[in-house]
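>>> below is the sequence, then the predicted model.
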Amino acid sequence: MKLNPIFTNSPWIQLESLLQKKLYSNYFIVVDENTEIHCLGIVIQHIKDYNSKLIKIPQGESNKSIETCNLLWNELIEKGVDRKSVIFALGGGVLCDLVGFCSATMLRGIDFFYIPTTLMAMVDASIGGKCGVNFLHFKNQIGVFTLPIAIVIDPIFLKTLSQRHLKNGIVEMLKHTLLKETNLDAQILNRSLHCNLDQIIESIDFKKSIVEKDFKETKLRKILNFGHTIGHAIETYSLKDGRDYLHGECVAVGMICELYISAALYNWDKAILNEICDFLRPFTNQFKISEFDFATIIEYLKIDKKTQFGTPSFSLLEQMGKPVTEIKVSEALIVKSLEFYSN
Ligand SMILES: NC(=O)c1ccc[n+]([C@@H]2O[C@H](COP(=O)([O-])OP(=O)(O)OC[C@H]3O[C@@H](n4cnc5c(N)ncnc54)[C@H](O)[C@@H]3O)[C@@H](O)[C@H]2O)c1
């Protein structure tokens, strides 16, 4: 299945020429309090001829919820949404996931575009058609597969992004690197740290190539879940605890644990394991896990979407650049991986 266009070169000219062909009845731009300040001006400059209506939703992971969907659906109705309307999602992964879901379900689906403004959203959240919201503290429990009409990638937005959020996005770029590079060395790892357009395109192309072969995640796409089985449990743990950790920070913890599990199952050289984990540690924002909470994290693993028949399923690395999927891992090894991270 082919994904819809991703505009990376002269993105605004490509957007404009697509909009001219489409003739929408209403143009809605959804922002949060930060993208309204930092990003809206850039978009308005490029689509000033369209009389857009602004909708603002609250920022942050805790607002990736059904309550915020209610707010958005309500505003869309109040502002006259119809089936020929279009929505532009201008924001990070939270806003893109939420707007994609609301657009796909409003009037059984209206057109939407992603204009991702964080690195995480550019290289990951906007690519691949998964969207949805958290529910009862569990990550992405309610959602659909749906595609935006197009995605507009402009790294100019990254200029106002904090270092912490840049690092958050770099984690997913590093994940793509680990999944595809068979001869990993420090130079290759360091390359992911440059979030320029070339690196962004390289990361997007990798994800796109996987998703196009397996859109509904029946097998191959599962490789992209590397680091996310434990990562999502960590994120649930963080959400429930009211801690303010970012998705990428939790995934960095998840990748360290899942690298440890991979190394144990496939007899890796310990030096390679330690080298990559040392590289990843600064991306965890020193997430602390008390050993008293290991059992809770394992409980959360069982509720993950990737869990079937009560057993969590892992995507691991047999070796660098050689991912494997649907691997069952014993609880004892999961605990050891959490100890490895914590120590
Ligand atoms: N659908 C998917 O396939 C997929 C993949 C990866 C991540 N995600 C989801 O993405 C979310 C994380 O996304 P995120 O890391 O972008 O976080 P985010 O959407 O919360 O954005 C981070 C913060 O940066 C602000 N912001 C956004 N753009 C800005 C800019 N240009 N300048 C200044 N501030 C800006 C936002 O208002 C927010 O406060 C998680 O919910 C995760 O589950 C989804």
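Looks like it came in fine.
>>> could you measure from Glu217 over to the ligand?
10 Å (Cβ to the nearest ligand atom, to the nearest Å). In this view, the C-beta of every residue, glycine as well, is placed from N, C-alpha and C.
>>> what do you get for Ser209?
Ser209 is 15 Å from the ligand, where distance means Cβ to the nearest ligand atom.
>>> residues near that residue, how many?
Ser209 is flanked by 12 other residues according to other Cβ atoms under 10 Å.
>>> next one: the residue nearest the centre of the chain, what pLDDT does it get?
For the chain, the residue nearest the mean C-alpha position is Ala125 (3.5 Å; Cα atoms, centre = their mean). pLDDT for Ala125: 97.
>>> all numbers from here: first residue = 192
Will do, 192 is the new start, and the previous item becomes Ala316.
>>> quick one: residues contacting it.
Applying Cβ atoms under 8 Å, 6 or more residues apart in numbering to Ala316 gives the contacts Gly283, Gly284, Cys287, Asp288, Pro307.
>>> so for the residue of the stretch 392-534 of the chain found nearest the ligand, what's the pLDDT?
Closest residue of the stretch 392-534 of the chain to the ligand, Cβ to the nearest ligand atom: His438 (4.0 Å). For His438, the pLDDT comes out at 94.
>>> next one: Ile525
96.
>>> mind listing what it touches?
Ile421, Cys448, Ile452, Ile489, Leu492.
>>> just give me how far the strand or helix carrying it sits from the chain centre.
Ile525 belongs to helix 522-533 when assigned by DSSP states H and E. Going by Cα atoms, centre = their mean, to the nearest Å, the spacing between the C-alpha centre of helix 522-533 and its chain's C-alpha centre is 25 Å.
>>> list every C-alpha atom in that helix, with coordinates, as PDB.
C-alpha atoms of helix 522-533 as PDB (Å, rounded to 0.1, in the frame of the first residue of the first chain):
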ATOM      1  CA  GLU A 522       9.400 -12.400  33.200                       C
ATOM      2  CA  ALA A 523      12.700 -13.200  34.800                       C
ATOM      3  CA  LEU A 524      14.600 -11.800  31.800                       C
ATOM      4  CA  ILE A 525      12.400  -8.700  31.800                       C
ATOM      5  CA  VAL A 526      13.200  -8.100  35.400                       C
ATOM      6  CA  LYS A 527      16.900  -8.500  34.700                       C
ATOM      7  CA  SER A 528      16.600  -6.000  31.900                       C
ATOM      8  CA  LEU A 529      15.000  -3.500  34.300                       C
ATOM      9  CA  GLU A 530      17.800  -4.100  36.800                       C
ATOM     10  CA  PHE A 531      20.400  -3.600  34.000                       C
ATOM     11  CA  TYR A 532      18.800  -0.300  33.200                       C
ATOM     12  CA  SER A 533      18.400   0.800  36.800                       C
END
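>>> helix/strand/coil for the nearest residue to Asn331 once chain neighbours are set aside?
Nearest residue to Asn331, sequence neighbours excluded (Cβ to Cβ, 6 or more residues apart in numbering): Gly323, at 4.9 Å. Here Gly323 is recorded as strand under DSSP: H, G, I helix; E, B strand; the rest coil.
>>> what's the longest strand in this protein?
The longest strand of the chain (DSSP state E) is strand 329-336.
>>> partner strands of that one and their direction?
strand 321-326 (antiparallel) (DSSP bridges).
>>> can I get the CA coordinates of the strand it pairs with in CSV?
The C-alpha trace of strand 321-326 is given here as CSV (Å, rounded to 0.1, in the frame of the first residue of the first chain):
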residue,chain,number,x,y,z
LYS,A,321,-1.6,5.2,13.2
CYS,A,322,-3.5,7.7,15.3
GLY,A,323,-5.6,7.8,18.5
VAL,A,324,-5.7,8.8,22.1
ASN,A,325,-4.8,7.5,25.6
PHE,A,326,-7.6,6.0,27.7
